[in-house]
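A.B. asks: Fold the following, please.
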Amino acid sequence: QVQLVESGGGLVQAGGSLRLSCAASGRTYRPYAMGWFRQAPGKEREFVAAISWSGSSTYYTDSVKGRFTISRDNAKNTVYLQMNNLKPEDTAVYYCALSLRGSYTDNDGYDYWGQGTQVTVSS
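C.D. replies: Residues are numbered from 1 along each chain as shown. Below you'll find the model as predicted:
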């Protein structure tokens with residue numbers, strides 16, 4: 001089993017920045033991809049960003065390109081999401097997820113999920 005714990009969410013004004021972290025623990029000895037998803041009230045959970053095991057490949061949904069950066073530190077089993085120039089439409093619960101199957105953008109391709117952290121952007 002793998003446990004994922006997110007942190008770093010909060011309330012920020014539009015144009016501000018936040019850095020989310022997700023620490024993995026448990027049986028993490030296999031290479032795995034990591035991703036961030038978000039779910040706004042009344043909407044389905046959507047893909048935000050993902051990163052390969054080596055960190056050499058990253059993927060972003062169009063609405064966050066140029067503003068968000070995903071990175072990872074395998075020595076710490078931690079993935080980060082740096083979010084700059086935040087907009088009110090970024091308000092959501094953000095979830096990190098781990099894929100043992102090499103999935104990146106597909107919701108169904110992830111094997112483990114964190115509990116989520118709230119990000120609220122005020123206008």
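A.B. asks: partner residues bridging the residue nearest the centre of the chain?
C.D. replies: Centroid-nearest residue in the chain, with CA atoms, centre = their mean: residue 36, separated by 2.3 Å. In this structure, residue 36 has beta-bridge partners residue 49, residue 96, where bridges are defined by DSSP bridges.
A.B. asks: how much space between it and residue 22?
C.D. replies: Applying CB to CB, to the nearest Å, one obtains 8 Å for the distance of residue 36 from residue 22. For the C-beta atoms, the positions are set from N, CA and C on the backbone; glycine is no exception.
A.B. asks: just residue 75 next, same as before
C.D. replies: As defined by CB to CB, residue 75 lies at a distance of 15 Å from residue 22.
A.B. asks: Looking at the two, which one has more neighbours?
C.D. replies: When residue 75 and residue 22 are compared on other CB atoms under 10 Å, the one with more neighbours turns out to be residue 22, at 25 against 6.
A.B. asks: need the contact list for the residue lying closest to that one once chain neighbours are set aside.
C.D. replies: Counting by CB to CB, 6 or more residues apart in numbering, residue 22 lies nearest to residue 96, which is 3.4 Å off, once chain neighbours are set aside. Under the criterion of CB atoms under 8 Å, 6 or more residues apart in numbering, the contact partners of residue 96 comprise 4, 6, 20, 22, 34-37, 79, 81, 113-114.
A.B. asks: same thing but 7 Å
C.D. replies: Applying CB atoms under 7 Å, 6 or more residues apart in numbering, one finds that residue 96 lies in contact with 4, 6, 22, 34, 36, 79, 114.
A.B. asks: Quick check: which element contains residue 21?
C.D. replies: Remark: residue 21 resides in strand 18-26, with elements defined by DSSP states H and E.
A.B. asks: Other residues contacting that strand?
C.D. replies: Residues from elsewhere that reach strand 18-26, judged by CB under 7 Å, 6+ apart: 1-10, 12, 77-83, 86, 94, 96, 98, 114, 117, 119.
A.B. asks: Apply the buried test to the residues you listed and list what passes.
C.D. replies: Taking 16 or more other CB atoms under 10 Å as the criterion, what is buried in these is 2, 4, 6, 8-9, 12, 77-81, 83, 86, 94, 96, 98, 114, 117, 119.
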